[in-house]
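Asks: Next input, structure requested:
(one chain, ligands or ions: 1)
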Amino acid sequence: QKMKVAVVGATGLVGSKMLQVLEERNFPVSELIPVASEKSVGKQVMFKGKPYAVVGMEAGIAAKPALALFSAGGSTSLEWAPKFAAAGIKVIDNSSAWRMDPTKKLVVPEVNAAVLTKDDFIIANPNCSTIQMVVALQPLHKAFTIKRIVVSTYQSVTGTGKKAVDQLMNERKGVQGEMAYKYPIDLNVIPQIDVFLENGYTKEEMKMVNETKKIMQDDNIRVTATTVRIPVIGGHSESVNIEFEKEFELPNIIDLLNNAPGVVVQQDDAAQLYPMPLWAHEKDEVFVGRIRRDETQPKTLNMWVVSDNLRKGAATNAVQIAEYLLANHLL
Ligand code: 2RA
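Replies: Residues are numbered from 1 along each chain as shown. Here you go, the predicted structure:
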């Protein structure tokens, strides 16, 4: 049955990607309610070939959608997600506001959709760099029990938003425009994503540490992360080193990944085949390659994981959660 769906933050990079994915996956939308901050009210967004006027938060609630997909920042979500939920509207939120709240579910459908119940009215979409990693790790954790993860990321500027893409494109053209970052990003890498914390890690790094344990439902998994911004737009890449409790055989690892939901293995050294953002852009899968034993210690594996951070890292994962709710009569 079709339903009214609100997209809160409809004019942002993730918001517009959610519109695109809702349309591509033919989610049963009877009417779209694009919601944004006052400054965007009145703007128009296109959905299924029809223009829709952007409305404010109150009007978004008054329209009584069944579902609201949020990508409007943490403070807006903290203030408005509870108001949408109180009106009986199911919220799937892309911000970090609710992810580590013990009363809220943090969901990657391929990993832990089963935690969802009819009582969940604010559901958190994990951080993009966490989503792609746990999709690849889940089948391996089930088979060999992960002890420790060392991950370094190479993250697309689209993760920051439109201003960062504009900064990169301006720099490539030799144009001085508004800066999204403290430093130039073209011909550079910036080893800082989000703010620094007391322990010397950034918020982005601690998101990977904490969210991974919650999604995979195993506090024994030790994670250490270094997250880096690079001048790329197609998606996030990650170098992942995993130490398991149990010994593995490489062909078994590759077989498990080949059969894992949402994963595509790209592994053929002779053909120089491996995942790249160039190929992952605008796709929904998590691409895994460079799969090889860490020869410095037993029960340890290296692999390379690439995915489009605006899609599986955000919009597609959120819509897949909505599809799961619908299929299981939770919406
Ligand atoms: C980033 N993962 O890439 C964060 C938020 N999208 O900036």
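
Asks: Residue 74 and residue 95 touch, don't they?
Replies: Yes: the criterion here is CB atoms under 8 Å, and residue 74 meets it with residue 95 at 4.3 Å. Heads up, the C-betas are built off the backbone N, CA and C, glycines and all.

Asks: hang on, isn't residue 307 packed against residue 285?
Replies: Yes: in this structure, residue 307 is within contact of residue 285 by CB under 8 Å, at 7.1 Å.

Asks: out of those two, which sits in the more crowded spot?
Replies: residue 307 (35 against 20; other CB atoms under 10 Å).

Asks: How about the contacts made by that one?
Replies: 128, 131, 132, 135, 235, 236, 280, 283, 285, 286, 287, 313 (CB atoms under 8 Å, 6 or more residues apart in numbering).

Asks: State the distance from the first one to residue 100.
Replies: Taking CB to CB, to the nearest Å as the criterion, residue 128 is separated from residue 100 by 16 Å.

Asks: returning to what we had before: for the contacts of residue 307, which entry has the maximal number of neighbours?
Replies: Ranked by the number of neighbours (other CB under 10 Å), the contacts of residue 307 place residue 132 first, at 33 neighbours.

Asks: was I right about that one contacting residue 305?
Replies: Yes: using CB under 8 Å, residue 132 and residue 305 qualify as a contacting pair, with a distance of 5.6 Å.

Asks: Identify the contacts common to these two.
Replies: With CB under 8 Å, 6+ apart as the test, residue 132 and residue 305 both reach 238, 286.

Asks: Around the ligand, pick out the residues from the stretch 151-300 of the chain.
Replies: Applying CB under 6 Å from any ligand atom, we find that the stretch 151-300 of the chain lies next to the ligand at 155, 159, 160, 193, 204.

Asks: got the CA coordinates for stretch 213-228 in CSV?
Replies: Extracted in CSV, the C-alpha atoms of stretch 213-228 (Å, rounded to 0.1, in the frame of the first residue of the first chain):
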residue,chain,number,x,y,z
LYS,A,213,30.3,-3.0,18.1
LYS,A,214,26.6,-1.9,18.3
ILE,A,215,25.6,-3.1,14.8
MET,A,216,27.5,-6.4,15.0
GLN,A,217,26.2,-6.8,18.6
ASP,A,218,29.6,-7.8,20.0
ASP,A,219,31.4,-5.5,22.5
ASN,A,220,34.4,-7.8,22.3
ILE,A,221,35.4,-6.6,18.8
ARG,A,222,38.3,-4.2,19.2
VAL,A,223,38.5,-1.5,16.5
THR,A,224,41.1,1.2,15.9
ALA,A,225,40.6,3.7,13.0
THR,A,226,42.3,6.4,11.1
THR,A,227,39.9,8.4,8.9
VAL,A,228,41.3,10.5,6.1
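
Asks: what's that stretch in contact with?
Replies: Counting by CB under 8 Å, 6+ apart, 99-100, 106-108, 111-112, 115, 126, 129-130, 134, 137-138, 141, 146-155, 189-191, 193, 201-202, 204-206, 208-209, 212 sit against stretch 213-228.

Asks: buried set for it?
Replies: 213, 214, 215, 216, 221, 223, 225, 226, 227, 228 (16 or more other CB atoms under 10 Å).

Asks: any idea how far it is from the chain center?
Replies: Averaged C-alpha coordinates place stretch 213-228 at 15 Å from its chain's average position (CA atoms, centre = their mean, to the nearest Å).

Asks: got the residue ranges for the helices in the stretch 1-150 of the chain?
Replies: For the stretch 1-150 of the chain, helices defined by DSSP state H, counting those that start in this stretch occupy the ranges 13-24, 57-62, 74-86, 109-112, 128-144.

Asks: I'd say residue 56 and residue 34 touch.
Replies: No: counting by CB under 8 Å, residue 56 sits too far from residue 34 to count as a contact (10.7 Å).

Asks: contacting residues for the closest residue to the ligand within the chain?
Replies: In the chain, the residue that lies nearest the ligand is residue 159 (2.0 Å; CB to the nearest ligand atom). By CB under 8 Å, 6+ apart, residue 159 lies in contact with 128, 129, 193, 229, 236, 309, 313.

Asks: rerun at 6 Å
Replies: Shown in contact with residue 159 (CB atoms under 6 Å, 6 or more residues apart in numbering): residue 309.
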